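A.B. asks: Need a 3D model of the following:
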Amino acid sequence: MIDAIGTPKVSVVIPTYNRAALLRLMLEQLARQTLPKAEFEVVVADDGSADDTAEVVAGFHDRLRLKYFFQEDVGDRVSRARNEGAKLAEADLLIFLDSGVMISADLVERHLALHQTGEPLFVCGYAWGYDPRFPPIEDLYTRLAVETPEAVLARYRDEPAFRDVRHEALVTWDFEMNAMPLPWQLVFGLNISLPAEVFRQVGGFNEDMTEWGCEDLEIGFKAHRLGVPFRFAMDAWVIEWPHERDMSARWPQMVANMAKFLVAYPEPVIEIGYVLCAVNEYWRWEETWLELGRWTEQAATIDVSDEVARAVADVGADERIAIFGAGGTLPPGLPPAVVVDFDAELLEKATRGTPHTASHAVGVRTVLPDQSVDRVLVTSRLTGLWPTWSDHILAEAGRIGRRVEVLHAPAAE
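C.D. replies: Sure, this is the predicted structure:
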């Protein structure tokens with residue numbers, strides 16, 4: 001039996017569902033960790049498995065400090081499973097691993113070492129073999145079944161299809177996540193660690209996000225907003241067990257969860273992320289966010305109050321208006337309107353002490369209801385974004401309004 005006296009230094013939380021055979025391999029690999037077994041615990045959070053997962057866990061109680069949580073199978077609820085697992089965890093440091101990843105013998109020790117700096121950190125570990133763009137390497141399954149993860153890594157590490165899907169994005173920033181404008185975009189929940197206190201402060205994973213995708217991005221976003229630094233760890237690695245991925249079924253689930261993300265945080269960075277996910281251009285998120293930042297600085301002095309005044313000269317008494325790209329100054333006497341702008345400071349200045357409704361957004365996807373206004377005015381403050389976003393802006397304006405007026409000359413093709 002493992003001597004479980006005292007509080008463990010690390011709690012490893014593993015959500016699982018009907019993967020008993022892979023879970024057994026994971027537990028075998030956790031049982032060979034270089035960190036003394038009394039110093040870490042493993043919490044298996046079962047999302048309703050119908051196989052022999054519980055029996056597999058029970059078989060390791062003499063080799064690991066183990067806890068087991070089971071919830072009824074009412075659909076994919078990995079966020080709740082992780083949260084319930086974290087509630088059982090005793091350690092000050094949480095490591096989250098997906099079931100079905102093969103791990104190095106020093107994985108737990110390496111995660112722990114990264115958190116010895118005295119400041120809270122959000123650590124993302126490398127995931128070899130995780131790239132949905134490629135089919136699984138042909139003989140990887142066989143190798144993982146009979147060789148150690150270290151031997152498999154030595155064999156395949158130079159194969160492009162074996163790299164983490166985030167590799168190219170990380171190379172651009174020399175693997176320095178804190179230098180990235182959107183570090184949380186690379187938070188994938190299959191191999192992460194963070195202090196339990198940070199986990200509690202951000203409220204854990206969003207249990208409204210069910211099925212596949214986005215719940216890990218959101219917890220990273222919340223930690224980043226809290227000011228927690230990020231670290232990417234190449235040496236705290238896992239290998240994802242090879243399997244076919246039906247992304248045509250999974251990606252709509254990701255988009256649905258991104259919509260929930262946007263409702264929770266209605267602001268431009270999530271707005272453009274939602275739209276890019278909807279059109280399957282996830283990896284353009286950073287590029288378009290930086291583009292918006294550059295245009296926000298350039299457009300800071302663009303005053304559109306005169307063009308708005310001309311456009312509303314014939315507005316009826318009961319007509320409802322939305323203005324996309326309103327800027328910091330509104331014309332005197334403007335009837336109560338939905339005022340939309342991507343610059344938060346100018347938006348607050350324009351709407352402070354007014355009856356207008358402020359919406360911090362570009363206008364590519366707002367949280368306004370369908371056909372909620374009579375007229376949408378699209379101002380010249382959006383000219384710099386027009387080449388990238390015109391189709392989306394016009395579609396969104398048409399979704400929320402019965403009539404759309406573009407108050408600037410569209411950019412030449």
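
A.B. asks: who's F70 bridged to?
C.D. replies: Going by DSSP bridges, F70 is paired in beta bridges with D46.

A.B. asks: residue contacts, P229?
C.D. replies: E119, P120, L121, F122, N178 (C-beta atoms under 8 Å, 6 or more residues apart in numbering). Quick note: C-beta positions are derived from backbone N, CA and C, even for glycine.

A.B. asks: Surely the last one forms part of a helix?
C.D. replies: When you say that, I think you mean N178. Yes: secondary structure of N178, determined by DSSP: H, G, I helix; E, B strand; the rest coil: located in a helix.

A.B. asks: what sits against it?
C.D. replies: P229, F230, R231.

A.B. asks: Widest-spaced pair of the contacts of P229?
C.D. replies: Using C-beta to C-beta, the contacts of P229 span at most 13.1 Å, a distance reached by P120 and N178.

A.B. asks: Could you turn the buried ones of the contacts of P229 into a PyMOL selection?
C.D. replies: Entered in PyMOL, the line below selects the buried ones among the contacts of P229, by 16 or more other C-beta atoms under 10 Å:
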select buried, resi 120+121+122
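
A.B. asks: Filter the contacts of P229 down to just the ones in strands.
C.D. replies: Among those, the members found in strands (DSSP state E) are F122.

A.B. asks: Which of the contacts of P229 sits closest to F134?
C.D. replies: F134 lies nearest to F122 out of those, by C-beta to C-beta, at 27.3 Å.

A.B. asks: I figured the closest one hits L226, correct?
C.D. replies: No: contact between F122 and L226 fails when scored by C-beta atoms under 8 Å: they sit 9.4 Å apart.

A.B. asks: shared neighbours of those two, which are they?
C.D. replies: With C-beta under 8 Å, 6+ apart as the test, F122 and L226 both reach V198.

A.B. asks: Between the contacts of N178, which sits nearest F261?
C.D. replies: Closest to F261, out of all of the contacts of N178 and judged by C-beta to C-beta, is F230, at 18.4 Å.

A.B. asks: and the closest residue to P336 other than its chain neighbours, how far is that from P335?
C.D. replies: In space, and not counting its chain neighbours, P336 is closest to P355: 4.3 Å by C-beta to C-beta, 6 or more residues apart in numbering. Here the distance between P355 and P335 works out to 9 Å (C-beta to C-beta, to the nearest Å).

A.B. asks: Please say which of those two ends up with more neighbours.
C.D. replies: More crowded of P355 and P335, by other C-beta atoms under 10 Å: P335, with 14 against 9.

A.B. asks: ok, the more buried one - contacts?
C.D. replies: Here P335 is in contact with V312, V315, A317, E319, I321 (C-beta under 8 Å, 6+ apart).

A.B. asks: Helix or strand: which one has the second one?
C.D. replies: What it means is V315. According to DSSP states H and E, V315 maps onto no helix or strand at all.

A.B. asks: Give me the neighbour count for it.
C.D. replies: V315 - counted by other C-beta under 10 Å - has 16 other residues nearby.

A.B. asks: Same question for the first one.
C.D. replies: The tally of other residues near V312 (other C-beta under 10 Å) stands at 20.

A.B. asks: and it, what are its phi and psi?
C.D. replies: The phi/psi pair for V312 (degrees, to the nearest 10) reads phi -100, psi 10.

A.B. asks: Assess the claim that it and L334 are in contact.
C.D. replies: Yes: V312 is in contact with L334 according to C-beta under 8 Å; the separation is 6.3 Å.

A.B. asks: Least confident secondary structure element in this structure?
C.D. replies: helix 140-146 (a mean of 91; mean pLDDT, DSSP states H and E).

A.B. asks: List the buried residues of the helix or strand just after that one.
C.D. replies: Using DSSP H and E, the helix or strand that follows helix 140-146 towards the C-terminus is helix 149-156. Across helix 149-156, burial judged by 16+ other C-beta under 10 Å covers P149, V152, L153, Y156.

A.B. asks: ok, residues contacting helix 149-156?
C.D. replies: Contacts of helix 149-156 (C-beta under 8 Å, 6+ apart): 29, 102-105, 128-129, 137, 140, 143-144, 147, 162, 237-239.

A.B. asks: Could you tell me which of these count as buried?
C.D. replies: 29, 102-104, 128-129, 137, 140, 143-144, 162, 237-239.

A.B. asks: Between which two of those is the distance greatest?
C.D. replies: So, these by C-beta to C-beta: farthest apart are Q29 and I137, at 19.7 Å.

A.B. asks: residue ranges of the strands in the stretch 101-250 of the chain, please?
C.D. replies: For the stretch 101-250 of the chain, applying DSSP state E, counting those that start in this stretch gives strands covering 101-103, 122-128, 191-195, 230-240.

A.B. asks: could I get those strands as JSON lines with mean pLDDT and distance to A20?
C.D. replies: Formatted as JSON lines, those follow (pLDDT from 0 to 100; distance: least, C-beta to C-beta, whole Å):
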{"stretch": "strand 101-103", "mean pLDDT": "97", "distance to A20": "15"}
{"stretch": "strand 122-128", "mean pLDDT": "98", "distance to A20": "22"}
{"stretch": "strand 191-195", "mean pLDDT": "98", "distance to A20": "21"}
{"stretch": "strand 230-240", "mean pLDDT": "97", "distance to A20": "18"}
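
A.B. asks: would you list these in CSV and tack on distance to L368?
C.D. replies: Conversion of the strands of the stretch 101-250 of the chain to CSV gives the following (distance: least, C-beta to C-beta, whole Å):
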stretch, distance to L368
strand 101-103, 41
strand 122-128, 33
strand 191-195, 34
strand 230-240, 33
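
A.B. asks: Mind checking these for the one nearest to D303?
C.D. replies: strand 230-240 (38.1 Å).
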